[in-house]
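**Student:** Need the 3D shape of this:
(chains A and B)
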Amino acid sequence: MNKVYLGFIALLLVACDNNKQPSEQAFLDSLDNAKVQTPPVSKEVLGDIIQSIPSPLEISSLIKNSGVKYDKNVLNSTNNLSNYNTNYKRALNLGIYGTDLGYANIYSQNQDALHYLDAVRTTADGLSIGQFFDFNTIRSLATNSNNLDSLLLITTTNFEKINKHLQEQERSNLSILILTGGWLEALHLTCAVENKYPSQTFKERIGEQKVILDQLLLLLSFYNQDANIQSLIADLTDLQKQFEKVEVTYTYQESTMKEVDGVLMVVDNSTKKINMTPEDLKSIQAAASAIRNKIIS
Amino acid sequence: MSEEILKALTQLFAIITKQDGGVTEVERKYVIQFFRQELDQDSVKEYVELYDQFAGYGNEDKGEAKLTSVKDSVKTLAICKKINKTLTQKQKVVVLIRLLELVSSDKNFTPQRMSIIDTVSTVFNIAKEDFQIIEKFVLHENTNTLTDFEDILLADSKSAVHPGQAKHLLLDHLHGQIVFLRVKSVDLYFVRYNGDEELQLNGLLLKPYQVYLFSNGSTIKTPKSSPIYYSDVVSFFLSNLKTKNLSFTVKSLEFKFPNGAIGLRDVHISEGPGKLIGIMGGSGAGKTTLLNVLAGIENPSKGEILINGINVHTQKDEVQGVFGYVAQDDLLIEELSVYENLYYNAKLCFAHLTEEELHKAVINVLASLGLEHIKDLKVGNVLNKKISGGQRKRLNIALELIREPAVMFVDEPTSGLSSRDSENVIDLLKELSLKGKLIFVVIHQPSSDIFKMFDKLFLLDTGGYPIYYGNPVESVIYFKKATNQVDSDKGQCHTCGNVNPEQIFNIIEAKVVDEYGQFTNKRKVTPPQWNERYLQNFKLEEVTLVKENPPKALNLPSRFKQTVIFTVRDFLSKISNVQYMLINLLQAPVLAAILALVIRYKNDPDSSGYIYRYNDNIPAYILVAILVALFMGLTVSAEEIIRDKKIQKRESFLNLSRTSYLSSKLIILFVLSAIQTLSFVLIGNWILEVKGMTLSYWMVLFTMSCFANILGLNISASFNSVVTVYITIPLILIPQIVLSGVMFSFDKLNDMISTKGKVPIIADFIASRWGFEALAIEQYKNNPYQVSYYDLEKIQSKAYFKYTYLIPELSERLERSKFHAKDKTDSIQTILAKDLKVIREEINAEVNKRGLSIDVNSALTTHGFDERAADKVSFYLETLKQSYIKQFNDADYKKERLIEHKSANPEYNLTAYKNLYYNESLADFMKNTSTKNRIIEYEGKLIQQIDPVYTDPTNIAGKLDYRAHFLAPTKHMGGMYMSTFAFNLMVVWILTGLLYVTLYFEAFKGALSILGRIKFDFATTYLTQVKNKIMSTWQEIKIKKSRVATN
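**Tutor:** Below is the predicted model of the structure:
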């Protein structure tokens, strides 16, 4: 009997060895000597630039306010989640899903919003920033689903927290990727809406993105050691070329003060003029979707 | 005797008597007398007329005599042939003797008469030697001619021994001589008395010079000397066969039941070899108990049983194999054939025989029991009968018979058998006893013939009182006399020779009649009174003590060989049960198919197909697989031992190895479990597309099944009915579900059993928890996708937890403490002390102490704590946090590079790999992502709640502390860490080993019986009290009611 048991234990020991290939271990060992790259820019500089980029949620509310109907098909399907298994993809798509979540939320599409919330949570978990989507947050999101304002507040503050956290953690590259993803999705949404309901407002909005793209490319350039980011930069530079045909002219006028509900507010009276041919718009749209498709697939 | 035969006989008589001078008056008288013996008054007349007609009585024409003799010869031949067809050899011998007697009645031995008789004997196929001696015995009144024959027994008062081979029995005060003849070929005994005393044969007058059949159980009583019993006579002739020297002595035996009741009182028995002893008694008198004690199965409370001077109970080793025991129960293996039953039994008893010898021995025994023609039939059971009850019984006896033990104990061999089968069985036993075996038979309501076959009868009365020990037929007389009944000196019926054993019990248990003529419950003579009478009347004649060792009939094979034999036997019996095999072999794949098909659903994000990764049912599948393995293992084994209980009792009687028996069970069950679990895993994993884990799944499920097998055997060995066993199964399986850790989180159990952050101790005895944990971790950690990243993710997870949850928590407490330190109230100080203790312990547990500039053990106490210390600790925590962030980032960097590196290989597609091998639902479970609190405080410690699968056990108390949180990837043991998979399987095997030990010693049964006894007494007394109370209140109510009514 003893022999049987001994034999079995031996079998156990043989069977439960790691099926990890030795070449992987060797590769990992070789990485030990390599330095983890830290961005050459200071946290403060990065933070300032990031702050200056407007939130993608603005676009969503703009779309809704212009009376355009909700269209699920323009969003990134949550079915694509299974494809996001690297930090690079996760970060970009976290941005994309964040924008989609805002969009669905603003239109009170609760079911879709929940899907996107789950997608956001999953990708965030994958990036080890799941603490921002912990049980309590999700519960408050679920119970407040009819309260748009609080939803918006929670999600935006969450994204702000995430950015801050990632910067602290010296993982700003992810922060920038999230931002890029969010921005790209917003651009994509605007283009898609503009395609169906052409309007000057949307056109202008699209044209405005030229400036923001420049800023994003500047941010990304800090991390160009990463092969993935390199290719993203290449793609975005392509998009930038399309934007170059767009002319933005500012007409400056003095700002005025106005009293609203007993509070003085500054009203910006400057105007922007955006000159963009339909062809330009088409090529921007095409380039943007190409990049987006690459990212979401 | 049929009319036809009687007619034939009449003709024979007539033919013989009319030869040479015709019928004489003496002859005719003899014939008439013969008819009177056989027939009623009316028929006698008819047959006498017939005889007269054939014999030509009264027809004085002698001239035709010569002519008829040729005719007569032909007639004789024809008649004899007719008789040949219907009468047995024994009957034919009787006929021959009658013919000879007829001739001798007037001493007219003419050659013609003799030649006719000679012809008859030839046609009857009676051996020449037998005919010679029969002729001499019947015709020669002078016994001197007989002394040369060994088949003759002479009984007289002459002490001088006759010359020659004849046996001699000394009977004091006997006038004349009694001559016994044995006709060897048919085993019949005849007696003739040459003298003038009034002897009685079975209560009837033995006429001098007449030949009587001395049948089974007959007794001859002489006026002055002791009676001659059939068995005595037989033993004379069999004395040559006595090869076994044996003395079996029972001295003042007393037996007490576990509850204290006395089962047997003062039993004395003394016997030699070659006896068939019947044990009788009313139901519950203790017959089987006596048999069990005699056989050494139960220990007496007083007295001893000696065989050849060896104590049966204290020197068991020395009497091993001497006894044979045939229990009342069937000891056959239903699924095996008659031959196989006997063959494997023989194989277990005779290590020294070759296959061929074994085969021969088995065939011989089967042939001698008349079972050869059914040797290939399956035994079957009572419901599904393949062989008859009598054949079963004979086969049961054959199991013992093949060993040829010197002493045999047979419990109720005739119960439930037809009278013919009963007689066959007892015949068989009688034959054995005649071969020199000592056989004790418990018997119930024997027929007259069976009753008379016993050499001795031992009667027990209720309460285990011995009340008779002696000749069976005499017993009737003894009890008749004791109650002064009419005709008390006749034991058997005058005319038919039947004995009615029922009579004895009617007398023993006769009830007192009350004044209305109704029987009361009171017995006329109580058992102690019968016993008293017994003690006065019976003096035990002790047989001379034999000193040599009793012959052994057992040569056990080695344990290993026994195991092999048991295994083969069990295997054959299992495989022959097609239904059983089919169900057992198909059960697993069918269950797997049902389970897997039910929980496989279109879960692709596009809802177009199935992807393993998104099957939410995988954790449940693992649990169910484990439960199925347990259930299958349990049900397949739960009946194993209980089914063999009787057979096992017998095998322990033979002193066969229990280890071998259990090992054989284990071998068969383990093989079956291996096949079952393998088929389950193959089918289930194939349908659910669980890939690359077959061996791990199988190992875990097999381990579970084996554990359940032994558990099942334990249950099977502990309870005494199949129903109880099956009722017990839920009792065992439900805790396996409840405490598996899957259905109910271990952290959310009753405080009595739960320890937060550790698996509760009670769950350590639950196999499913070990199995699930092993399999879930193995599946999560070592699948082809995860295996490359697990280690890195583990580092990340640890660091992530520390900098996101633990360090902020500590910082918070530190801040709070800074604030609390200023307040000196007791309640605040308690909180402070607690907080400081938590911080202190966490820092102490930390390996990385860089940046720590104070001694936390002194600084982080209510006395030593101050602002300065707080700042220093705070600084340390910040440093620690940074170091963890760095650790995290390093691992993250490595992981990203590793993915890049692997993706460079075109065969490696990260997403495809993940879809194939990684399960989201399982991952959520293993990471406990749904938990509300990521960190909790429990007994002054901070306990991590998330990512259990990435967390090594913490808070280890000592070298032997194996405890860990649920789903820990490694386990601690003896200062080492080993993988949970190996550790858990080892634990289950250790549990299995322990269960084997309890199985071997039947620990559960012992515990149960102790428990049962205590409870039973308590409960019954309690219940009777309650009952009495209810009854008395009821009475009161009744009285009150009646009063109310009368009022």
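
**Student:** Distance check, A:L179 against chain B.
**Tutor:** 19 Å (Cβ to the nearest Cβ, to the nearest Å). All C-beta atoms are positioned from the backbone trio N, CA, C, and that covers glycine.

**Student:** packing partners for the helix or strand hosting that residue?
**Tutor:** If you go by DSSP states H and E, A:L179 is part of helix A:172-196. Packing partners of helix A:172-196 (3 or more Cβ pairs under 8 Å, 6 or more residues apart in numbering or on different chains; DSSP states H and E): helix A:43-52, helix A:56-65, helix A:87-106, helix A:148-168, helix A:200-221, helix A:227-244, helix A:278-296.

**Student:** can we see that at 7 Å?
**Tutor:** helix A:43-52, helix A:56-65, helix A:87-106, helix A:148-168, helix A:200-221, helix A:278-296 (3 or more Cβ pairs under 7 Å, 6 or more residues apart in numbering or on different chains; DSSP states H and E).

**Student:** now could you export just the CA positions of stretch B:589-598 as CSV?
**Tutor:** Extracted in CSV, the C-alpha atoms of stretch B:589-598 (Å, rounded to 0.1, in the frame of the first residue of the first chain):
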residue,chain,number,x,y,z
PRO,B,589,-19.5,10.0,-19.7
VAL,B,590,-23.3,10.4,-19.7
LEU,B,591,-23.2,12.7,-16.7
ALA,B,592,-20.3,14.6,-18.3
ALA,B,593,-22.2,15.0,-21.5
ILE,B,594,-25.3,16.1,-19.9
LEU,B,595,-23.5,18.5,-17.6
ALA,B,596,-21.3,20.0,-20.3
LEU,B,597,-24.0,20.3,-22.9
VAL,B,598,-26.3,22.0,-20.5
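
**Student:** So B:V379 sits against B:I387, correct?
**Tutor:** Yes. If you go by Cβ atoms under 7 Å, B:V379 and B:I387 touch, sitting 6.2 Å apart.

**Student:** between the two, what contacts are shared?
**Tutor:** B:V338 (Cβ atoms under 7 Å, 6 or more residues apart in numbering or on different chains).

**Student:** Which one's more surrounded, these two?
**Tutor:** Just comparing B:V379 and B:I387: by other Cβ atoms under 10 Å in any protein chain shown the higher neighbour count belongs to B:V379, 23 against 18.

**Student:** got the residues of chain B near chain A?
**Tutor:** Residues of chain B found near chain A (Cβ under 7 Å from any Cβ of the partner chain) are B:605-606, B:613, B:695, B:699, B:782, B:784, B:787-788, B:796, B:800, B:804, B:885, B:889-890, B:892-894, B:896-899, B:901, B:910-911, B:914-915, B:929, B:932, B:979, B:981-982, B:985-986, B:989, B:993.

**Student:** Out of the residues you listed, name the ones that lie in helices.
**Tutor:** Judged by DSSP state H, the subset of these located in helices is B:695, B:699, B:796, B:800, B:885, B:889-890, B:892-894, B:896-899, B:901, B:910-911, B:914-915, B:981-982, B:985-986, B:989, B:993.

**Student:** What remains of these if I keep only buried residues?
**Tutor:** B:699, B:796, B:800, B:885, B:889-890, B:892-894, B:896-899, B:901, B:910-911, B:914-915, B:981-982, B:985-986, B:989 (16 or more other Cβ atoms under 10 Å in any protein chain shown).

**Student:** hey, which helix or strand in chain A has the poorest pLDDT?
**Tutor:** Lowest mean confidence among the helices and strands of chain A (mean pLDDT, DSSP states H and E): helix A:2-15, at a mean of 48.

**Student:** okay, which residue is most central for the chain?
**Tutor:** In the absence of a named chain, chain A is used. A:G95 (1.8 Å; Cα atoms, centre = their mean).

**Student:** actually it's chain B I care about, not the one you picked
**Tutor:** Central residue of chain B (Cα atoms, centre = their mean): B:K646, at 1.0 Å.

**Student:** Any idea how far whichever strand or helix holds that residue is from the middle of the chain?
**Tutor:** Assessed by DSSP H and E, B:K646 sits inside helix B:640-653. From the chain centre to the centre of helix B:640-653 is a distance of 3 Å (Cα atoms, centre = their mean, to the nearest Å).

**Student:** now B:E689, nearest residue through space, not along the chain?
**Tutor:** Take B:E689 and drop its neighbours on the chain: the residue closest to it by Cβ to Cβ, 6 or more residues apart in numbering or on different chains is B:Y612, 4.5 Å away.
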